[in-house]
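> compute the structure for the input listed below.
(one chain, ligands or ions: 2)
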Amino acid sequence: MNKEIITIFDTTLRDGEQSPGASMNTEEKVQIATQLERLGVDVIEAGFAAASPGDFDAISKISQRVSNSTVCSLARAIDSDIKSAGEAIKQAKMRRIHTFIATSVIHMEHKLKMTPDEVIKRAVRAVEYARTFVDDVEFSCEDAGRSDMVFLKEITDAVIEAGASTINLPDTVGFRLPQEIGAMVREMSSYTKGRAIISVHNHNDLGLAVANSLESISNGARQVECTINGLGERAGNAALEEIVMALKVRSDIFRDFQTNINTKEIYPSSRLIANITGIEPQPNKAIVGKNAFAHESGIHQDGMLKNKSTYEIISPKDIGLDMEDTLVLGKHSGRSAFKDKLSKLGFSIKEDEINSAFKRFKELADKKKEIYDDDIRALVTSQMTNIPKAYELISLQLMDCSNGVPSAAVTISNNGKEITDAGIGDGTIDAIFKTIDRISGYQGVLMEYKVKSVSKGKDALANVTVKVNFNDNEPAIIGHGLSLDTMLASARAYTGALNSYLSMKGMLKFRHTDSRETI
Ligand code: KIV
Ligand code: ZN
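Ligands and ions are numbered 1, 2, ... in the order given. A predicted model of the protein is given here:
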């Protein structure tokens with residue numbers, strides 16, 4: 001029997017990036033988009049082109065890189081936004097503009113201060129203008145979940161007539177229950193009767209985003225908008241991995257549907273996004289949480305040993321998680337074994353990048369007894385997301401802080417010129433960051449500091465994420481640092497944030513190709 005395809009529209013790079021603390025730089029976004037393509041998502045919402053030059057740049061670069069997924073940019077129903085979106089995606093093989101305006105009385109009266117007629121006119125204009133750039137236009141009725149059904153039908157007729165082929169009905173504030181979303185989708189699907197694809201975009205404020213998405217599919221939605229790890233504004237969006245695995249595991253119920261997702265790429269995608277954003281899924285998060293396949297109680301362990309189906313409804317292998325992820329390679333492993341491992345983990349990186357990743361792997365293998373898949377992932381991700389470096393940390397020395405004043409001596413290379421300075425602080429981290437500030441001349445304000453061990457063991461790699469504000473009028477910047485030494489990882493994360501900031505401002509003039517970073 002021919003199954004219907006449910007279009008998976010991933011908005012990790014747009015709505016997901018709206019999660020507090022999840023902003024990413026261009027290189028990181030390109031890397032995520034490449035992974036989403038490998039995962040098999042149908043549409044990648046790469047960003048909001050008009051939001052900033054950085055967003056525009058990331059969408060253009062993604063458009064040049066991705067060829068098997070449609071690349072989409074969000075745009076308000078404003079000519080200048082639509083023009084930016086059209087220009088940002090123009091090099092994509094398959095492209096879509098996603099334009100939206102709010103349709104609920106609350107939003108129209110208080111936010112837009114527009115009448116319903118004005119909203120329809122603006123929506124029609126937006127769709128018609130978007131069609132001058134692309135054939136594939138999606139229109140969203142923002143806050144559809146709280147909009148009047150008669151008005152939803154009226155605006156839907158108008159935008160379909162204007163050329164929209166997908167109508168998205170977001171539950172913007174995550175207010176609706178499954179039976180209510182189901183009823184709305186059923187009515188809108190039968191009303192549009194194949195004139196457009198009905199899509200849903202559910203937020204998770206009541207923890208119902210995935211349930212609402214599944215109920216929507218049962219009632220006629222043929223596109224779901226979602227994010228990896230459920231990232232997104234406030235409580236997040238519907239989690240891609242949960243929707244996809246529910247459709248697969250319960251194919252007895254969803255027997256008429258399938259997706260184009262390669263589920264074995266779910267776990268690598270989840271890890272990549274957690275490593276880049278520094279936002280870890282909660283340990284008990286369905287499908288990708290650290291404990292999702294852990295069996296703690298004796299009774300469960302006993303059952304599992306006798307027959308896995310006693311307590312396991314999904315095989316970890318189905319999402320690309322190898323539970324026997326122990327020692328993957330040792331210090332005697334050669335370059336070809338390392339290369340083979342990278343391809344098994346889903347990385348396709350250039351020869352010269354393999355060389356420097358291999359060098360870093362060897363250094364790690366010299367110091368760390370057991371190397372796990374997650375170590376390799378973190379190592380390669382940190383290298384691939386390196387943005388051009390104006391500042392590169394060369395060395396760090398710390399003076400004792402138990403009795404005296406914490407102090408740090410730092411050597412940094414700035415466009416090839418080495419500068420050394422020393423400084424003191426209220427703690428070791430403070431001393432390191434203040435010394436880097438003295439060298440660079442930029443004063444960063446540390447907004448957030450997180451350290452996470454990448455895998456098991458006392459000799460685990462430390463992955464440090466910092467969020468730094470270099471200018472009050474600009475958004476804070478994320479930086480990551482990886483090392484066996486937490487202080488070194490912290491110094492790298494801070495220097496990385498500075499490089500990202502300069503890259504965002506277009507002030508990076510020099511590019512180091514051969515990093516001197518060690519583990
Ligand atoms: O939640 C929402 O309504 C949105 C729209 C812009 C689609 O993110
Ligand atoms: Zn949203």
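> so which elements touch the longest helix anywhere in the chain?
Taking DSSP state H as the criterion, the chain has its longest helix at helix 486-504. Under the contact definition 3 or more C-beta pairs under 8 Å, 6 or more residues apart in numbering; DSSP states H and E, helix 486-504 sits against strand 391-399, helix 428-440, strand 445-453, strand 462-469, strand 477-483. Any C-beta I mention is one placed from the backbone N, CA and C, and that applies to glycine too.
> surely residue 425 touches residue 432?
Yes. The pair residue 425 and residue 432 passes the contact test of C-beta atoms under 8 Å, sitting 7.4 Å apart.
> which residue of those two possesses the greater neighbour count?
Applying other C-beta atoms under 10 Å to residue 425 and residue 432 shows that residue 432 carries more neighbours, namely 26 against 17.
> picking up where we left off before, quick check: angle from the longest helix of the chain to strand 462-469?
40 degrees (axes from the mean of the first three to the mean of the last three C-alpha atoms, to 10 degrees).
> what's the angle between helix 486-504 and strand 391-399?
Relative orientation of helix 486-504 and strand 391-399, computed by the same axes, to 10 degrees: 150 degrees.
> run through the residues of this protein sitting next to ligand 1.
15, 100, 140, 142, 168, 170, 172, 201, 203 (C-beta under 6 Å from any ligand atom).
> now do the contacts for the third one.
Counting by C-beta atoms under 8 Å, 6 or more residues apart in numbering, residue 140 touches 98-101, 167-170, 201.
> save those residues as CSV, and put in pLDDT, neighbour count and secondary structure too.
Output for those, formatted as CSV (pLDDT from 0 to 100; neighbours: other C-beta atoms under 10 Å; DSSP: H, G, I helix; E, B strand; the rest coil):
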residue, pLDDT, neighbour count, secondary structure
98, 98, 27, strand
99, 98, 26, strand
100, 98, 23, strand
101, 98, 24, strand
167, 98, 25, strand
168, 98, 24, strand
169, 98, 27, strand
170, 98, 24, strand
201, 98, 31, strand
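> model confidence score at residue 133, please.
Note for residue 133: predicted pLDDT of 98.
> on the three-state scheme, it is what?
coil (DSSP: H, G, I helix; E, B strand; the rest coil).
> setting aside sequence neighbours, what's the nearest residue to it?
residue 86 (3.0 Å; C-beta to C-beta, 6 or more residues apart in numbering).
> measure the one you found to ligand 1 for me?
Between residue 86 and ligand 1 the computed distance is 17 Å (C-beta to the nearest ligand atom, to the nearest Å).
> which element is that residue on?
Counting by DSSP states H and E, the element that carries residue 86 is helix 79-88.
> mind listing what's buried along the lowest-mean-pLDDT helix or strand in the chain?
Ranked by mean pLDDT, DSSP states H and E, the weakest helix or strand in the chain is helix 298-306, scoring a mean of 77. Buried residues in helix 298-306, counted by 16 or more other C-beta atoms under 10 Å: residue 303.
> alpha carbons only: can I get whichever helix or strand comes after that helix in PDB?
Next in sequence after helix 298-306, counting helices and strands by DSSP H and E, comes helix 335-344. Output of helix 335-344 as PDB, limited to C-alpha atoms (Å, rounded to 0.1, in the frame of the first residue of the first chain):
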ATOM      1  CA  ARG A 335      44.500   7.200  10.300                       C
ATOM      2  CA  SER A 336      42.300   4.900   8.200                       C
ATOM      3  CA  ALA A 337      40.600   3.400  11.300                       C
ATOM      4  CA  PHE A 338      40.000   7.000  12.500                       C
ATOM      5  CA  LYS A 339      38.600   8.000   9.100                       C
ATOM      6  CA  ASP A 340      36.400   4.900   9.100                       C
ATOM      7  CA  LYS A 341      35.100   5.900  12.600                       C
ATOM      8  CA  LEU A 342      34.300   9.400  11.400                       C
ATOM      9  CA  SER A 343      32.300   8.100   8.500                       C
ATOM     10  CA  LYS A 344      30.400   5.600  10.800                       C
END
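> where along the stretch 101-250 of the chain do the helices fall?
Under the criterion DSSP state H, counting those that start in this stretch, helices of the stretch 101-250 of the chain are mapped to 105-106, 116-131, 149-162, 178-192, 209-218, 240-249.
> highest average neighbour count across those?
Greatest average neighbour count among those goes to helix 209-218 (a mean of 25), per mean count of other C-beta atoms under 10 Å.
> would you mind getting the angle between it and helix 240-249?
Using the same axes, to 10 degrees, the direction of helix 209-218 lies 50 degrees away from that of helix 240-249.
> which helices and strands sit right next to helix 209-218?
helix 178-192, strand 197-202, strand 223-226, helix 240-249.
> mind putting these in TSV, distance to residue 68 included?
Listed next are the helices and strands packed on helix 209-218 as TSV, based on distance: least, C-beta to C-beta, whole Å:
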stretch	distance to residue 68
helix 178-192	28
strand 197-202	19
strand 223-226	17
helix 240-249	17
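> so where's the stretch 201-350 of the chain shaky on pLDDT?
Applying pLDDT under 70 to the stretch 201-350 of the chain flags the ranges 323-328.
> contacts made by the host helix or strand of residue 355 with the rest, please.
Assigned by DSSP H and E, residue 355 belongs to helix 351-367. Applying C-beta under 8 Å, 6+ apart, the contact partners of helix 351-367 are 329-331, 333, 335, 338-339, 342, 349, 371, 375-376, 379-380, 383-384, 459, 461, 484, 514-515, 517-519.
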